[in-house]
Structures are given as C-alpha cells and as structure tokens.
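**Student:** from the sequence below, what's the structure:
(one chain, ligands or ions: 1)
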Amino acid sequence: MRVCDRLRKEIGDKAFKTWFGEVELGELKAGKLRLYAPTRFVRDWVGRHYGDRVLAYWQSVNTEVKNVEVNLVPPPAPRRPNEIIAMPPVPSSQNSHQTPMPRMGPSIGRGADEISQNPEARYTFANFVVGKPNEFAYAAARNISEQDMPLPERNPLYIFGGVGLGKTHLMHAIWHVIRERDPKTRVLYLTAESFVNRFIQALRTKNTGQFKELFRNVDVLMVDDVQFICGKEASQDEFFFTFNSLVEQNKQIILSSEKPPSELQDIEERMRSRLGSGLVADIHSSTYELRLSILQTKAENARVPVPVNVLEFLAHKISTNIRELEGALNRVVAHGQLIGREITVEMAQDVLHDLLRQADRKVTVDEIQQRVAAHYNIKLAEMSSPRRARSVARPRQVAMYLAKQLTTLSLPQIGKRFGNRDHTTVMHAVRKIEELKVSDHSIAEDVELLKRQLQG
Ligand SMILES: Nc1ncnc2c1ncn2[C@@H]1O[C@H](COP(=O)(O)OP(=O)(O)OP(=O)(O)O)[C@@H](O)[C@H]1O
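**Tutor:** Next up is the predicted model:
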C-alpha cells in the first residue's frame, strides 16, 4: 500500500486532508527525504505529530530513507518594488561616480538601494496582451506615454480595476516609454502605501521640506493603489497639495486604484473630484478569450511546450486574476521541466489541486460565521452584534479575517455583513489577527484549522 494511503487510513480522511492536503513530496538525497509544507504551522504540526509515522511508512517501502525532514515551501519570487525613482544624472562636479543608474532623489531617511530600482523589465506594452476588457486602459496608457506635454483633459490618468488585472503592468510600461523617449525625464513611481509611509516618516523626523521637494520636482508622478490613502486624512491633504502643485506646473500624474473615484470611501470631496478630473480608464474582469490569449503568449516563452488543451483548461478554471493565472502556468511548466513529467490536463489538475479546489469551492461569509461561532462556542448573532467583550470580539475578528482571506468581498462589503460595520473596523480586525498569528500560537492554530475546514 502506498504511504499516503496508509497514512490516510490510519489518521482518517479529514485529518489527512487537513495536514497533508498541501504537503508536497520533495527530493530524496543522502537518505534524507524532504517534504514541503505550505505554512510554518503545518510544517511544525506534521513534524511533531506525524514525523515518526511518516518515516516508518517510508522505510517500509524504501529502505534508502533514513530520515524525513519537513520544510517550508520555498518563498515566492520577491514582490515588485514599491518605489522607483528615475532622475537624470547630475553634473559630475556634484556626483563623483557618474553611473547610468537612476539617481536617488533627496533622501528622506531611506537607503539608495531601496529607491533606486528599475521597473519590472517585462512590464512593457509589447508584453501586454490586449483584449476587450483592457483595450481602453491600454490605449489611454499608450497615449499618455507618447505625449510630449500632458493634456489637461487627460491629467491625471486614473486606471482602475480589480486585483491582478494589469494596472501596475501598464504603469511600468508607461515608465519605460517615457524614459526611452527622454532619459532626462524625472519619473517617480511609488505605491500609495509608500507615499503614506514616507509622509509619516517625514513628519516624525521633521523633514517635510525634503518630502515636498522630492514630490513636487518630478515630471511624472505615478501612484499605485491609491485607494490606500483613503481614511488617512493628513496624508490625503499632503497628496492633494502635491497633486495640485504638479498639475499647476503641467506635470503628468498617473494613478491606479481598485475602484473608480466615485466609489472610494473616506475621501474628501475635493480629492475625489481631483482624482476624476482627467482621464478615467477601467480594466474589466478578464474574459476567457483574453485569459487564453495571455496564456498562449506566456507559453510561447516557456522552455517546454504546453499543449493547447492545457492552456484552455487553465483559462477556463482560473478566472480570478491574471497573476494567479500566470502563477498556475509557471507551476505546471516548472513541474514539466524539473521532474520531466509530461504536461497534460491530468498533470495540471494534480499539480494545481490546491488552487483548483479554491477556485471550485467558493466560501461564503455565512459559512465562515457559522464555523467560527461554533468553534468558539458563541451565538451566531454575536457576529453582527455591537458587543465588544473580548469573548465575542476576538472570534468576530477571526471571522472577518477569514472573510477577507477566503472570499473576494471588499472590506466595506465584509463590514456590512458583520452588523454594518465600517471598513476600517474590518481592516483593523485583519491587521490584529495577522499580528496575533505571529505572537499567539493558539490563535494561529485556530485560524489555520478553521481555514482548512472551510476549504476542505
Ligand atoms: N493583459 C495582460 N497581458 C499580459 N500580462 C498581464 C496582463 N494583465 C495582467 N498581466 C500580468 O498579471 C500580473 C499581475 O498584474 P499587475 O501586477 O499589473 O496587476 P494589478 O492590477 O496592478 O494588481 P494589484 O491590484 O494587486 O496591484 C503581472 O505579472 C502582469 O504582467
């Protein structure tokens, strides 16, 4: 009997699914068999509770196995940079080591390494697959990148759309074209989160003068995920002044957001009207045709051929966002390449079982609330009640956290389902549970267990 079957039989289907559902078999080297767990928690749990048994079973089928080690799956590729500043090189009298690298703007308590980064090289217009859902945003981005002077009616360019649909890709593509056309153009790209952090830091170190100087002396300012600024009054004011100052100087501003200006919450009216005063371009959810077309383009660059029916399968099954779609293709290709497995639909199903299960199984807020209430032995009604006693507030926060993790609902939508609470309450809950997962072992266990039960 295979090891997995024996284990499943002994510990039961449910526990097997919970603990081994996403554990992957790694390599056997010098007697050591490696397993890879998706989280630290699963790694520790499996090691502690099942380590001996797994070793014994393996030894009974393969005498070469001397020990079993459970590792964490290798971390994903580093996130894209939060900030990119490109300024023309300054004259040699001021800068003794002239390099073609972008010069750092006035420093605001950060190292040069962090901000003198290049945009993602592959995020170009050439690599952006155009289809019905994104053709307008693409055309708008192209047009802005090719203008010599910003046109008032297209300033700012405001691109909005759901997570992972290509907003950042388009911004970086604009960056490339602008810098290719004129390397002297001062372009600053950063996320709104980075803007806020820099602003707070400037306030703390009483360096707001430098902060203003940096932001008000660029030719093009790009701020990604601008919705992050909502609800942060002082940062919003500063952003508003920066914005006005740049527009007055006829400098181009490019923004991205998950939502149109009209749907941003906790934002001053003057800011909202400013954001929507130029060209607003949306990216709609992807269609099957666009997903397939993106996959075909990406597969052309893969080192192993990927059959069309596998691409069709992926385009059909993974409809959430392009980032996940790309990730799925990469995983299938990596398995084909590294293990030498033939790429087929069955193989893709096998390799992507966790992702597909998630896609197939849509968890609802009702289910989350019921599970969490039952787990903590509180009444379901407490999920929406105004009571703040820790005994009910903590489970409620766990449920909000899970709703954010396991559903596609926005923070305001989740807030509504929990007694019409404000989205900032949900945001606070998510952050709190994230913190507690690190500092409090029992919360980490609860969350992990609930997540598995809900997705199981
Ligand atoms: N039309 C497209 N053609 C090719 N690749 C695409 C396309 N749309 C998205 N992608 C790819 O999908 C991934 C996610 O895109 P991107 O990071 O730009 O999304 P986003 O909308 O900025 O997401 P977020 O809201 O998380 O910031 C990137 O690797 C990007 O290259």
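**Student:** who's in contact with the residue of the stretch 101-250 of the chain found nearest the ligand?
**Tutor:** Distances between the stretch 101-250 of the chain and the ligand by CB to the nearest ligand atom are smallest at residue 166, namely 2.9 Å. All C-beta spots, glycine's among them, are computed from the backbone N, C-alpha and C. Residue 166 makes contact with 128, 134, 137, 283, 322, according to CB atoms under 8 Å, 6 or more residues apart in numbering.
**Student:** not counting sequence-adjacent ones, nearest residue to the last one?
**Tutor:** Yep, that's residue 322 we're talking about. Excluding the flanking residues, the one nearest residue 322 by CB to CB, 6 or more residues apart in numbering is residue 164, at 5.4 Å.
**Student:** wasn't the one you found part of a strand?
**Tutor:** No. Going by DSSP: H, G, I helix; E, B strand; the rest coil, the assignment for residue 164 is coil, not a strand.
**Student:** thought it was touching residue 327?
**Tutor:** No. Counting by CB atoms under 8 Å, residue 327 is not a contact partner of residue 164; they are 9.6 Å apart.
**Student:** distance of residue 176 relative to residue 14?
**Tutor:** Using CB to CB, to the nearest Å, we find residue 176 at a distance of 51 Å from residue 14.
**Student:** nope, residue 231 is what I meant
**Tutor:** 41 Å.
**Student:** re earlier: now render the contacts of residue 166 as JSON lines, adding secondary structure and distance to the ligand.
**Tutor:** JSON lines is the format used below for the contacts of residue 166 (DSSP: H, G, I helix; E, B strand; the rest coil; distance: CB to the nearest ligand atom, whole Å):
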{"residue": "128", "secondary structure": "coil", "distance to the ligand": "5"}
{"residue": "134", "secondary structure": "helix", "distance to the ligand": "5"}
{"residue": "137", "secondary structure": "helix", "distance to the ligand": "9"}
{"residue": "283", "secondary structure": "strand", "distance to the ligand": "7"}
{"residue": "322", "secondary structure": "helix", "distance to the ligand": "4"}
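**Student:** ok, residue 51 - contacts?
**Tutor:** 68, 70.
**Student:** next one: it from the ligand, what distance?
**Tutor:** Distance, residue 51 to the ligand, by CB to the nearest ligand atom, to the nearest Å: 37 Å.
**Student:** what mean pLDDT does the helix or strand that residue falls within have?
**Tutor:** Per DSSP states H and E, residue 51 falls inside helix 51-61. The predicted model gives helix 51-61 an average pLDDT of 82.
**Student:** touching the helix or strand following that helix from outside, list them.
**Tutor:** Using DSSP H and E, the helix or strand that follows helix 51-61 towards the C-terminus is strand 67-72. Contacts to strand 67-72, defined as CB under 8 Å, 6+ apart, come from residues 23, 26, 31-37, 39-40, 43, 46-47, 51, 54-55, 58.
**Student:** separate out the buried members of those.
**Tutor:** 23, 33, 35-37, 43, 46-47, 51, 54-55, 58 (16 or more other CB atoms under 10 Å).
**Student:** how does the chain divide into domains?
**Tutor:** What automatic domain parsing lists as the domains of the chain is 2-72, 83-87+111-283, 288-360, 365-455.
**Student:** helices - which of the contacts of strand 67-72 land there?
**Tutor:** Judged by DSSP state H, those include 40, 43, 51, 54-55, 58 as members of helices.
**Student:** nearest to the ligand, of those residues?
**Tutor:** Using CB to the nearest ligand atom, the ones in helices among the contacts of strand 67-72 come closest to the ligand at residue 40, 24.3 Å.
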